[in-house]
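Asks: fold the following and give me the result.
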Amino acid sequence: MLIERRRPIEIPKVNPLWEYKADGTLRTAYEAYKERLQIPWVGVVTMAYAHYPTFFECWWAALEPIVGSHDYVETASRLRARAESNAFKLNTPPLREKLIEVGY
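Replies: Numbers count the residues shown, from 1 in each chain. Now for the predicted structure:
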């Protein structure tokens, strides 16, 4: 039996709690998240999770020990290197000039 996937009639609204507006325990969690994942900013999906504080607290409590592990950091580093290497092979034209033209 094949189950057909359908879009919802109305796309649910995403309500991210923006990093620059975070304070208190959320700010602390965002900083820990960036440190553990070794990234410069919090992604929109994570900020959307933060809109639901009880879920976010449980999610981060479960995720933090995993992403802080040596195995996770090592594997993520290898995955990133592989993705960047494969992206380089695509030989896409540089975007810098086009971005400057449109005001970035």
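
Asks: any idea how far Glu74 is from Ala81?
Replies: For Ala81, the distance to Glu74 (CB to CB, to the nearest Å) stands at 11 Å. (C-beta placed from N, C-alpha, C; glycine too.)

Asks: shared neighbours of the two, anything?
Replies: Among the neighbours of Ala81, none is also in contact with Glu74 (CB atoms under 8 Å, 6 or more residues apart in numbering).

Asks: how about the strands in the chain?
Replies: Per DSSP state E, the chain has no strands. Nothing in it meets that criterion.

Asks: C-alpha coordinates for the longest helix seen in it, CSV please?
Replies: The residue-count maximum for a helix in the chain (DSSP state H) belongs to helix 70-89. The C-alpha atoms that make up helix 70-89 are tabulated as CSV, following Å, rounded to 0.1, in the frame of the first residue of the first chain:
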residue,chain,number,x,y,z
HIS,A,70,34.4,13.3,20.5
ASP,A,71,32.7,10.8,18.0
TYR,A,72,30.1,13.4,16.9
VAL,A,73,32.7,16.2,16.4
GLU,A,74,35.0,13.9,14.5
THR,A,75,32.2,12.5,12.3
ALA,A,76,30.7,16.0,11.6
SER,A,77,34.1,17.3,10.6
ARG,A,78,34.6,14.4,8.1
LEU,A,79,31.1,14.9,6.8
ARG,A,80,31.7,18.6,6.3
ALA,A,81,35.0,18.0,4.5
ARG,A,82,33.3,15.4,2.2
ALA,A,83,30.4,17.8,1.4
GLU,A,84,32.7,20.7,0.7
SER,A,85,34.9,18.5,-1.5
ASN,A,86,32.0,17.3,-3.5
ALA,A,87,30.5,20.8,-3.8
PHE,A,88,33.9,22.0,-5.2
LYS,A,89,33.7,19.3,-7.9
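
Asks: cool, thanks, signing off.
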